[in-house]
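[1] from the sequence below, what's the structure:
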Amino acid sequence: MPKLVLGSTSVFRRAILEKFNIPFDCAKPDIDESPLENETPEALVARLAGEKAQAVAADFPDHLIIGSDQVAVCDGTILGKPGNFENAVKQLTSFSGKTVTFLTSLCLLNSKTGKEQIIVEPFYVNFRQLTISEISNYLKAETPYNCAGSFKSEGLGICLFESLKGDDPNTLIGLPLIRLHELLKNEGVDILQLQA
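    This is a model prediction of the structure:
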């Protein structure tokens with residue numbers, strides 16, 4: 001089996017990939033994540049996942065490299081990581097009573113053959129009507145400023161929602177494992193066989 005590399009230093013993605021119970025390395029991709037002019041959210045996350053995988057390929061020439069990216073889309077606007085309390089308040093206030101689409105991209109690059117598989121997986125979050133007090137209390141408790149959408153669904157963020165809709169709960173956290181399993185099988189890697 002080719003060695004696996006996660007082209008990310010995200011603790012959330014690392015924790016998700018550890019569910020597969022197989023060894024992998026992590027590498028930090030150094031890319032510009034700015035959207036291109038007139039780029040759709042789907043095109044943006046697909047491009048960034050591919051660029052992240054390619055960015056670390058030179059250091060891992062005989063590996064399967066995973067790149068991933070995520071954006072939140074509300075009312076047609078792309079929202080990334082808030083970075084601070086004030087921006088997070090704005091994001092969550094704008095989400096109140098609405099459905100927000102989270103687009104998580106996944107790229108599996110075989111750095112030896114150059115074969116690249118890229119998918120974009122949607123996940124839909126219906127937010128409750130939120131008060132400023134609830135938003136402020138949540139942000140102070142969990143400080144999710146490095147998370148697209150200003151929340152951690154695996155933590156207290158679940159209290160912000162009315163409902164969730166998607167194929168894989170890991171997608172919302174940042175790495176669609178069901179789809180990654182499919183892409184790995186396309187490369188001849190069967191996770192369950194590796195557990196024997």
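[2] could you dump the top helix by length along the chain to CSV, C-alpha only?
    The single longest helix within the chain, with elements called by DSSP state H, is helix 41-57. Written as CSV, here are the backbone C-alpha positions of helix 41-57 (Å, rounded to 0.1, in the frame of the first residue of the first chain):
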residue,chain,number,x,y,z
PRO,A,41,-18.0,28.1,-4.2
GLU,A,42,-17.9,24.6,-5.6
ALA,A,43,-15.1,25.5,-8.0
LEU,A,44,-13.2,27.3,-5.3
VAL,A,45,-13.1,24.4,-2.8
ALA,A,46,-12.4,21.8,-5.6
ARG,A,47,-9.4,23.9,-6.8
LEU,A,48,-8.1,24.4,-3.3
ALA,A,49,-8.2,20.7,-2.4
GLY,A,50,-6.2,19.9,-5.5
GLU,A,51,-3.7,22.7,-4.9
LYS,A,52,-3.2,21.5,-1.3
ALA,A,53,-2.5,18.0,-2.4
GLN,A,54,-0.1,19.2,-5.2
ALA,A,55,1.7,21.5,-2.8
VAL,A,56,3.1,18.7,-0.7
ALA,A,57,3.6,16.2,-3.6
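[3] for the following helix or strand past it, packing partners?
    Counting by DSSP states H and E, the next helix or strand C-terminal to helix 41-57 is strand 63-74. On a contact count with 3 or more Cβ pairs under 8 Å, 6 or more residues apart in numbering; DSSP states H and E, strand 63-74 meets strand 3-6, helix 41-57, strand 77-79, helix 85-95, strand 99-110. The way it works is simple: take the backbone N, C-alpha and C, and place the C-beta from them, glycine included.
[4] pull up the pairing partners for strand 63-74, direction included.
    strand 3-6 (parallel), strand 77-79 (antiparallel), strand 99-110 (antiparallel) (DSSP bridges).
[5] deepest of those strands, which one?
    Each of the strands paired with strand 63-74 was scored by mean neighbour count; the highest is strand 99-110, a mean of 23, by mean count of other Cβ atoms under 10 Å.
[6] state the mean pLDDT of that strand.
    Across strand 99-110, the average pLDDT comes to 96.
[7] can I get the helix or strand just after that strand in CSV, CA atoms only?
    Later in the chain than strand 99-110, the nearest helix or strand by DSSP H and E is strand 116-127. Only the C-alpha atoms of strand 116-127 are listed here, as CSV (Å, rounded to 0.1, in the frame of the first residue of the first chain):
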residue,chain,number,x,y,z
GLU,A,116,-6.1,12.9,-9.1
GLN,A,117,-9.6,12.3,-7.9
ILE,A,118,-11.6,15.3,-6.7
ILE,A,119,-15.1,15.5,-5.3
VAL,A,120,-17.2,18.2,-3.5
GLU,A,121,-19.6,17.1,-0.8
PRO,A,122,-22.5,19.3,0.4
PHE,A,123,-23.9,19.4,3.9
TYR,A,124,-26.8,21.5,5.0
VAL,A,125,-27.2,23.1,8.4
ASN,A,126,-30.5,24.6,9.5
PHE,A,127,-29.9,27.2,12.2
